[in-house]
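>>> Here is my input; please provide its structure:
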Amino acid sequence: MPASLSTVDAILKDDYKDYIEQLNQATFLLSQIETRRDTVTGRIARHAIHLGRSSGVGARGENGTLPTAGNQAYATVPVPVRYVYGRIQLSGPTIRQAVTDRGAFVDALDAEMQGIRRDAMKDVNRQLWGTSNGVIAQCGTTTSSTTVVLASSTGSTALRNLFFDGGMVIDIGTVANPTAVASARTVNSVDESNKTIAISGAAVTTSSSHFIFRAGAGGASNNSGQPGDGQIELTGIQTIVDDNTVLHTINPASQPKWKAYVNANGGTNRSVSETLITGAIMKTLINSGKKPSLLVSAEGVHLSVANLFLSLKRNMEQTELKGGYAGIQYYSPSVSGQGDEGPTVLYADFDCPNNRLYGLNPESMVWHQVGEGWQFMDLDGAVMNRKPDIDAYEATLTCYAELACKQRNANFVIEDLTETSI
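Modelled structure (predicted):
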């Protein structure tokens, strides 16, 4: 007697429920940010953004005319929800073990569920540190070859992401046309020293106008604020912590308060210093009234900051963060925000872009999530569905959500920093 798919569905729904619920907590950024489930209507989340103070204040002489009443400036912005998926597949013979050897079946299912959990966690974190258009790396000049040259500025974070799972399936093209050069090619190997990747399929030709995307995930928002705006991946920190990019339909060119503080050096790396970090914290505090509580970077900048602490004879005390994480305390003398005398905490996130240090205020962001977040597709009553033409069944894990910002100027980034090699 063949295994009952209802039995398999029950195992997926019950035995592995904890894996799904813990996905957000296993992603550092999301573990620090508030999750909202009551803000999504249809396919759009909405929240109010404070963009200006009231003009109805001022000193007057005796019997002077009172200030003209003003009002706070708010904007209610639309945030289209993005769709993230993970799929597993089990063969017919494996499923039949649910009857003949349930233990062996659960072992096989456990391997798939653990794998999809890690992969979903990894890719969501990559997207959250991304540029919101799916770009993972910029190409260099490749002339009819399956060894694709990447831009000389490509950092270790991008190279890791391209081969983290043993070979990402990628598209190559422009942001406007992500498959213009190639589609659905597998990354067979990565040469970190020469900054090249070897791909499957026919030879390709690329230039600096081309980029690498995860297959099917490339595309930029047209800033309409509506579903189907062209953006596929989640909105990333590189878009949020910026001073000129349109975000949630608001253009910082016309709304100066809708800017994060950006300290760049024209592409020339420089040493990290206490003045740079404390100055960025002060600038953010002046602009927003809030002090960033997190300093986040990839491993190279993290080590540079740690070495700075040692040179300044600073104690590297740890502070507990949400989600079971811990970071190094960074105290800025005489710098605090709205009654907060606590430290800013340094943390290394290996998906953070290279040569940058981000100062983040998690309270300025929100994770808009539909329902309970990660769930199996089962609206037809079945978790496992037959694969056409082969003896196999598949299950699909889904999450409908989006990262949004409520106060952009409460965050900063220091770019063009020299990294310490490991």
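
>>> Quick check: which ranges of this protein have low pLDDT?
Filtered on pLDDT under 70, the chain yields the residue ranges 1-26, 52, 54, 70, 72-73, 97-106, 164-166, 313-316, 332-342.

>>> show me the contacts for residue 361.
The neighbours of residue 361, taking CB atoms under 8 Å, 6 or more residues apart in numbering as the test, are 284, 288, 290-294, 407, 410-411. From N, CA and C alone the C-beta is placed, and that goes for glycine too.

>>> Residue 79 belongs to a strand?
Yes. Applying DSSP: H, G, I helix; E, B strand; the rest coil, one finds residue 79 inside a strand.

>>> give me the number of residues near it?
Neighbourhood size, residue 79 [other CB atoms under 10 Å]: 22.

>>> Just list whatever residues bridge to it.
When assigned by DSSP bridges, residue 79 has beta-bridge partners residue 45.

>>> thinking again about what came up before, by neighbour count, which of the contacts of residue 361 wins?
That'd be residue 411 among these, by other CB under 10 Å, with 29 neighbours.

>>> I'd like the contacts of residue 361 laid out as TSV, including secondary structure and distance to residue 114.
Shown next, in TSV, are those (DSSP: H, G, I helix; E, B strand; the rest coil; distance: CB to CB, whole Å):
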residue	secondary structure	distance to residue 114
284	helix	39
288	helix	41
290	coil	39
291	coil	39
292	coil	35
293	coil	32
294	strand	29
407	coil	37
410	helix	37
411	coil	34
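
>>> and which of the residues you listed is nearest residue 96?
Set against residue 96, the nearest of the contacts of residue 361 by CB to CB is residue 294 (49.4 Å).

>>> So which bits of stretch 294-309 are buried?
294-306, 308-309 (16 or more other CB atoms under 10 Å).

>>> which stretch of helix or strand covers the nearest residue to residue 183 once chain neighbours are set aside?
Excluding its sequence neighbours, the residue lying closest to residue 183 (CB to CB, 6 or more residues apart in numbering) is residue 171, at 4.9 Å. For residue 171, the host element (DSSP states H and E) is strand 169-173.

>>> Looking at strand pairing, list the partners for residue 90.
In beta-bridge terms (that is, DSSP bridges), residue 90 pairs with residue 393.

>>> now do residue 369
Beta-bridge partners, per DSSP bridges, of residue 369: residue 401.

>>> Over to residue 360?
residue 294.

>>> all helices of this protein, in order?
5-10, 17-21, 28-32, 92-100, 102-128, 156-163, 237-240, 274-288, 299-311 (DSSP state H).

>>> Can you convert these into CSV and add a column each for distance to residue 322?
Shown next, in CSV, are the helices of the chain (distance: least, CB to CB, whole Å):
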stretch, distance to residue 322
helix 5-10, 33
helix 17-21, 16
helix 28-32, 5
helix 92-100, 38
helix 102-128, 15
helix 156-163, 23
helix 237-240, 17
helix 274-288, 21
helix 299-311, 19
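
>>> nearest to residue 328, of those helices?
helix 299-311 (7.0 Å).

>>> And that closest one, how far out from the chain middle?
24 Å (CA atoms, centre = their mean, to the nearest Å).

>>> please begin residue numbering at 333 from this point
With the count now opening at 333, the last piece we talked about shows up as helix 631-643.

>>> Using CSV, write down the CA coordinates of that helix.
Written as CSV, here are the backbone C-alpha positions of helix 631-643 (Å, rounded to 0.1, in the frame of the first residue of the first chain):
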residue,chain,number,x,y,z
GLU,A,631,34.2,41.0,8.9
GLY,A,632,37.0,43.1,7.5
VAL,A,633,35.7,46.5,8.8
HIS,A,634,34.6,44.8,12.0
LEU,A,635,38.2,43.8,12.6
SER,A,636,39.4,47.3,11.8
VAL,A,637,37.1,48.8,14.4
ALA,A,638,38.1,46.1,16.9
ASN,A,639,41.8,47.0,16.3
LEU,A,640,40.9,50.7,16.8
PHE,A,641,39.4,49.8,20.2
LEU,A,642,42.7,48.1,21.1
SER,A,643,44.8,51.1,20.0
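
>>> What is the neighbour count of the residue nearest to residue 412 when sequence neighbours are not counted?
The spatially closest residue to residue 412, leaving aside those adjacent along the chain, is residue 559, at 4.9 Å (CB to CB, 6+ apart). By other CB under 10 Å, the residues close to residue 559 number 13.

>>> any idea how far residue 559 is from residue 400?
Separation of residue 559 from residue 400 (CB to CB, to the nearest Å): 41 Å.

>>> Is it correct that residue 687 is in contact with residue 486?
No. Assessed by CB atoms under 8 Å, residue 687 is found out of contact with residue 486, at 11.2 Å.
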